[in-house]
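1. Structure, please.
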Amino acid sequence: MQIELVLEHLKSGKSITSLEAIQLYGATRLADIIFRLKKRGYNIVSRIITVPTRYGKTARVAEYTLIMEG
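-> Residues are numbered from 1 along each chain as shown. This next block holds a predicted model:
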């Protein structure tokens, strides 16, 4: 299931954006997955980053990271 794949990705210490979630796991609703993981008690933070677009411009997107306790 996509939620478990995203969780394992985050647990490995990597951050993730919507585009990465689509490319890696076919997950088109990353914000919903993050919402559900937060409801399960995972401490996930987001930050806005700037990424290049295919048209030579830039876009601002959310990047999610799991904060590991301990």
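
2. and stretch 24-38, how far from the chain's centre?
-> 7 Å (C-alpha atoms, centre = their mean, to the nearest Å).

3. can you pull the buried residues of it?
-> 25, 27, 30, 33-34, 37 (16 or more other C-beta atoms under 10 Å). In this view, the C-beta of every residue, glycine as well, is placed from N, C-alpha and C.

4. OK, contacts around the residue nearest in space to the middle of the chain?
-> Centroid-nearest residue in the chain, with C-alpha atoms, centre = their mean: residue 16, separated by 3.4 Å. Listed by C-beta atoms under 8 Å, 6 or more residues apart in numbering, the contact set of residue 16 reads 6, 9-10, 24, 30, 63-64.

5. what about this structure, any weak spots by pLDDT?
-> For the chain, the stretches flagged by pLDDT under 70 are 70.

6. Could you measure from the nearest residue to residue 9 once chain neighbours are set aside over to residue 55?
-> Leaving aside its sequence neighbours, residue 9 sits nearest to residue 16 (C-beta to C-beta, 6 or more residues apart in numbering; 5.6 Å). Look at residue 16 and residue 55: by C-beta to C-beta, to the nearest Å, they are 23 Å apart.
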